[in-house]
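Asks: Give me a 3D structure for the following:
(chains A, B, C and D)
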Number of protein chains: 2
Amino acid sequence: MATILVVDDEPRIVQLVRDYLEHGGFTVLTAVDGPTALRTARTGRPDLVVLDLGLPGLDGLDVARSLRREGEMPIIMLTARTEESDKLVGLELGADDYLTKPFSPKELVARVRAVLRRAEGAAAPSDVIRVGTDVEFDVPRMEARIGGRRVDLTKSEFQIVALMARQPGRVFTRAQLLDAVRGVAFESYERAIDAHIKNIRKKVGQQYIETVFGVGYRFAEPNQV
Amino acid sequence: MATILVVDDEPRIVQLVRDYLEHGGFTVLTAVDGPTALRTARTGRPDLVVLDLGLPGLDGLDVARSLRREGEMPIIMLTARTEESDKLVGLELGADDYLTKPFSPKELVARVRAVLRRAEGAAAPSDVIRVGTDVEFDVPRMEARIGGRRVDLTKSEFQIVALMARQPGRVFTRAQLLDAVRGVAFESYERAIDAHIKNIRKKVGQQYIETVFGVGYRFAEPNQV
DNA sequence: CAACCCCTTCACAACTCCCTCACAACTCCC
DNA sequence: GGGAGTTGTGAGGGAGTTGTGAAGGGGTTG
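Replies: All right, here's what the predicted structure looks like:
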């Protein structure tokens, strides 16, 4: 399920929104100020950001601008104010949706779903997973680029390797990888993952996927010197 | 810029949609009931109508029927209901697109643009899609040029191949391609895309359209050396 | 109103890819 | 070093996907 970052300086509101989103099956990250929000967005890679415009210090609009610059993360804006100018600024920054306080948490959840549904098909150009300097996985093209060389992968292969490449170094169990492929993890298929891994290694290169004995696999972290 | 008529019995929604559309550069007319909607459509001659199905009194479907009878006005339907039967009725009446509430206003604007683009074959007069050095798709002429050779395509064929050629390499699902042709993707028509692809390949050349097994199709990227 | 074009469907052939199997190679722990 | 358990790997069956020619039907044109 998707991860949502909720940013608001009122802890009460953050908690309320968190409750509703989690109840709706989302994973929720939170932040109560701008700098924390940006940091969390970078590390947590949420699928969508719910952002209060009225943040103290680093303003909500600044946060939105920074997020926009860094990638195509959908943003739903909240504001206490109803002035026309705010709406316009929000729109110019490319907010994907807009709610004025007081809002119904239920409606917020509905809008989150709607925006995510749309974002899924939109596949922004930034849907490229980069690992180190010469490995890329281009989601809308469903292809890998290894040092400039284009590599065709099958649907399952791509889903597996892309999942791992999003978090290099993290270990994934076969069940988790299966989940990415089939939606449901079925114990009996787990050895099939081994076969996929073999094929992926053959295509992208042995060195990129490491075996963690007794646990699963992980994408190798790029050599940082 | 185009004029859009927005019909909904909830003033709050009308206002929201108006804001977004006007910000997008459209001229907006509004109506909160069926009879007014029909009158406004006759006098204001909008380029497109956004119509709530759940109107009280004269029903949204009646309004749609009347509009259809009077001319080729594109219609985007809104509905609170999600039942399949509603969709069918909407489609039979020739809705050009369909959104269920709650919807994101930004998405609505995007769909309005998409429908208008479809409605007028004359998107932008100078719209020529070039891929590599010897492939061109001339939108206003609705014809392809392959290495100087002129190729006639049918409307559907052109819309499909032009959509793909705008982003060479990107994979499109059958549903997305159907969307380009019909405005609404209907599962049962998906194999029809295969037939179109076959015909396109026969006309422009096999090598330009690649099959992505289990996903869809893509336009081949030009050879970059 | 006949001729035509285009879209869709159908049926079957051809193909791709996923999974399984079997066995070899390896790892870990004692 | 040995044994139990885990992983690597090549081959092959089969389910599912795609290619394709033919045919039906709706709409348009002359």
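Asks: contacts and neighbour counts: CA atoms only from here.
Replies: Fine.
Asks: can you map out the strands along chain A?
Replies: A:3-7, A:27-31, A:48-52, A:75-79, A:97-100, A:128-131, A:135-138, A:143-146, A:149-152, A:171-173, A:209-212, A:216-219 (DSSP state E).
Asks: So which of these has the densest surroundings on average?
Replies: strand A:48-52 (a mean of 26; mean count of other CA atoms under 10 Å in any protein chain shown).
Asks: Tabulate the strands of chain A (JSON lines), appending distance to chain B.
Replies: Formatted as JSON lines, the strands of chain A follow (distance: least, CA to the nearest CA, whole Å):
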{"stretch": "strand A:3-7", "distance to chain B": "17"}
{"stretch": "strand A:27-31", "distance to chain B": "21"}
{"stretch": "strand A:48-52", "distance to chain B": "14"}
{"stretch": "strand A:75-79", "distance to chain B": "10"}
{"stretch": "strand A:97-100", "distance to chain B": "6"}
{"stretch": "strand A:128-131", "distance to chain B": "12"}
{"stretch": "strand A:135-138", "distance to chain B": "9"}
{"stretch": "strand A:143-146", "distance to chain B": "9"}
{"stretch": "strand A:149-152", "distance to chain B": "10"}
{"stretch": "strand A:171-173", "distance to chain B": "24"}
{"stretch": "strand A:209-212", "distance to chain B": "24"}
{"stretch": "strand A:216-219", "distance to chain B": "24"}
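Asks: so which of these gets nearest B:P11?
Replies: B:P11 lies closest to strand A:97-100 among the strands of chain A, at 15.8 Å (CA to CA).
Asks: neighbouring strands for that closest one, and are they parallel or not?
Replies: Its sheet considered, strand A:97-100 pairs with strand A:75-79 (parallel) by DSSP bridges.
Asks: Can you check what angle separates the partner strand from strand A:48-52?
Replies: Interaxial angle, strand A:75-79 versus strand A:48-52 (axes from the mean of the first three to the mean of the last three CA atoms, to 10 degrees): 20 degrees.
Asks: roughly how far out does strand A:75-79 sit from the chain middle?
Replies: 18 Å (CA atoms, centre = their mean, to the nearest Å).
Asks: Averaged pLDDT, it. What do you get?
Replies: For strand A:75-79, mean pLDDT is 80.
Asks: any idea of the angle that strand forms with strand A:3-7?
Replies: 30 degrees.
Asks: which residue sits closest to the closest residue to chain B within chain A, ignoring its sequence neighbours?
Replies: Among all residues of chain A, A:R141 sits closest to chain B, at 4.2 Å; criterion: CA to the nearest CA. Of all residues beyond its chain neighbours, the one nearest A:R141 is B:R170 (4.2 Å), with distances taken as CA to CA, 6 or more residues apart in numbering or on different chains.
Asks: ok, back up a step: weakest of the strands of chain A by average pLDDT?
Replies: Among these, strand A:97-100 scores lowest, at a mean of 71.
Asks: how far away is the closest residue to A:I193 other than its chain neighbours from DNA strand D?
Replies: Of all residues not flanking A:I193 in the chain, A:R174 sits nearest, at 6.4 Å (CA to CA, 6+ apart). Here A:R174 is placed at a distance of 8 Å from DNA strand D (CA to the nearest atom of the strand, to the nearest Å).
Asks: ok, A:R174 touching A:I197?
Replies: No. Assessed by CA atoms under 8 Å, A:R174 is found out of contact with A:I197, at 10.3 Å.
Asks: For these two, indicate the residue with more neighbours.
Replies: Counted by other CA atoms under 10 Å in any protein chain shown, A:R174 and A:I197 do not tie: A:R174 has more neighbours, with 22 against 19.
Asks: quick one, what contacts that one?
Replies: A:E190, A:R191, A:I193, A:V215, A:G216, A:Y217 (CA atoms under 8 Å, 6 or more residues apart in numbering or on different chains).
Asks: Get me the contact residues on chain A for chain B.
Replies: Residues of chain A lying close to chain B (CA under 8 Å from any CA of the partner chain) are A:88, A:96-97, A:107, A:110-111, A:114-115, A:118, A:140-142, A:154-155.
Asks: re earlier: what would the contacts of A:R174 look like in TSV with distance to A:M164?
Replies: Supplementary listing: the contacts of A:R174 in TSV, determined by distance: CA to CA, whole Å:
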residue	distance to A:M164
A:E190	16
A:R191	17
A:I193	13
A:V215	14
A:G216	11
A:Y217	8
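Asks: Dump those into JSON lines; add distance to DNA strand C as well.
Replies: Shown next, in JSON lines, are the contacts of A:R174 (distance: CA to the nearest atom of the strand, whole Å):
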{"residue": "A:E190", "distance to DNA strand C": "6"}
{"residue": "A:R191", "distance to DNA strand C": "6"}
{"residue": "A:I193", "distance to DNA strand C": "6"}
{"residue": "A:V215", "distance to DNA strand C": "10"}
{"residue": "A:G216", "distance to DNA strand C": "12"}
{"residue": "A:Y217", "distance to DNA strand C": "13"}
